[in-house]
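>>> just the structure for this:
(4 chains)
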2 protein chains.
Amino acid sequence: MRIGELAVKAGVSVRALRYYEEQHLLAPERSPSGQRRYPDAALDRVQWIQQLYAAGLPSKKIVELLPCLDTGVSTSATLALLTAERERIHTQITGLVKMRDKLDTLIAVAQQTAPRST
Amino acid sequence: MRIGELAVKAGVSVRALRYYEEQHLLAPERSPSGQRRYPDAALDRVQWIQQLYAAGLPSKKIVELLPCLDTGVSTSATLALLTAERERIHTQITGLVKMRDKLDTLIAVAQQTAPRST
DNA sequence: CTTGCCTCTGACGTCAACGTCAGGTTCTAG
DNA sequence: CTAGAACCTGACGTTGACGTCAGAGGCAAG
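So this is what the prediction gives:
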């Protein structure tokens, strides 16, 4: 699979895929002429990467986690990282939930105050 | 209240407070010599700002929301913005929850695989 | 064979929320 | 009155995940 095809399937830019390679998140084979060839498994991997980025992890942490994500096997180091990130994400969730509730309150007040369309 | 004191109370840097002013998130009075003087209400406001930043809102959106946050009164425009951001945050929460669950699964597997300390 | 799309490697640009440094002023304690 | 802390205004630096452009090579179709 070439880079353009993978980009479309994964919904990311070609530039992003090259960037992931720079960050050692992907290591595609090369055709004789030097073009990148990705195996089908790369699609899953790219989606993992995207979701981890969305969860606030930087490339460095993702690199350290990837072997574990592929194999399902953790060293004590990756296990520590997993639990640490889990905690971070959990904390972030609780913060976001509080904010969502605050906004809900504001919205409720606003809808009682503004529209006289009853 | 001067800028250093507010910074300590709010747990942010002095630089951050000046930056907030640049972004029109704060508009402190000035002493005759030109030093910033903040009212007590500024503390609440700074905490709002921090939490909104943490929820992923950029300065621009926060500016538009601030009048509503102070007064509790929404125009139709701010109401739209409130609901839009609420949705965004909600979406982000569900994504994060899924990721947390994935990590929990990985951690559980890892703890079954690695430690033979039973 | 050439047209046109895909790909390659640099390398500079972007954006947001600050950090940091320089050079100067103001406030407060002794 | 003076030393030191706190404050001021620029203005450049930082970080991360890419966007974008330049110039060159590769590949299938007609």
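>>> how close does the spatially most central residue of chain A sit to B:Lys102?
For chain A, A:Gln51 is the residue whose C-alpha lies nearest the centre (CA atoms, centre = their mean; 2.1 Å). Going from A:Gln51 to B:Lys102 by CB to CB, to the nearest Å gives 8 Å. The C-beta positions use only the backbone N, C-alpha and C, and glycine is treated the same way.
>>> low-confidence ranges in chain A?
A:114-118 (pLDDT under 70).
>>> what residues does it put near DNA strand D?
Neighbours of DNA strand D within chain A, by CB under 7 Å from any atom of the strand: A:12-13, A:15-16, A:19, A:23, A:31-35, A:50, A:53, A:57-60.
>>> restricted to buried residues, select those residues in ChimeraX.
This is the ChimeraX syntax for the buried subset of the residues of chain A next to DNA strand D, where burial follows 16 or more other CB atoms under 10 Å in any protein chain shown:
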select /A:12,16,53,57,59
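>>> give me the subset of the residues of chain A next to DNA strand D that also touch DNA strand C.
Answer for the residues of chain A next to DNA strand D near DNA strand C (CB under 7 Å from any atom of the strand): A:Gly34, A:Gln35.
>>> in helices, which of the residues of chain A next to DNA strand D appear?
A:Arg15, A:Ala16, A:Tyr19, A:Gln50, A:Tyr53, A:Ser59, A:Lys60 (DSSP state H).
>>> distance to A:Val97 added to those, as TSV?
As requested, those are exported to TSV (distance: CB to CB, whole Å):
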residue	distance to A:Val97
A:Arg15	34
A:Ala16	30
A:Tyr19	32
A:Gln50	23
A:Tyr53	21
A:Ser59	27
A:Lys60	28
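>>> so which bits of the biggest helix by length in chain A are buried?
Longest helix of chain A, by residue count under DSSP H: helix A:76-113. For helix A:76-113, the neighbour count (16+ other CB under 10 Å) marks A:78-79, A:81-83, A:85-86, A:89, A:92-93, A:96, A:99-100, A:102-103, A:106, A:110 as buried.
>>> and that helix, what does it pack against?
helix A:59-71, helix B:41-54, helix B:59-71, helix B:76-113 (3 or more CB pairs under 8 Å, 6 or more residues apart in numbering or on different chains; DSSP states H and E).
>>> quick one: it to helix B:76-113, angle?
Comparing the axes of helix A:76-113 and helix B:76-113 via axes from the mean of the first three to the mean of the last three CA atoms, to 10 degrees yields an angle of 160 degrees.
>>> helix A:76-113 and DNA strand C, are they touching?
No - against DNA strand C, helix A:76-113 shows no contacts by CB under 7 Å from any atom of the strand, the least distance being 14.6 Å.
>>> leaving out sequence neighbours, find the closest residue to A:Ile3.
A:Arg36 (5.0 Å; CB to CB, 6 or more residues apart in numbering or on different chains).
>>> verify the stated contact: A:Ala10 with A:Gln50.
Yes - if you go by CB atoms under 8 Å, A:Ala10 and A:Gln50 touch, sitting 7.4 Å apart.
>>> excluding chain neighbours, what is closest to A:His24?
A:Val63 (5.4 Å).
>>> got the contact list for the residue nearest to A:Ile3?
A:Arg36 makes contact with A:Arg2, A:Ile3, A:Leu17, A:Glu21, A:Pro28, A:Glu29, A:Arg30, according to CB atoms under 8 Å, 6 or more residues apart in numbering or on different chains.
>>> make a PyMOL selection of whichever of those residues turn out to be buried.
Filtering these down to the buried ones (16+ other CB under 10 Å) takes a single PyMOL command:
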select buried, chain A and resi 3+17+28
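>>> quick check, A:Val54 in contact with B:Gly95.
That one is not Val; residue A:54 is Ala. Yes - between A:Ala54 and B:Gly95 there is a contact under CB under 8 Å: 5.9 Å.
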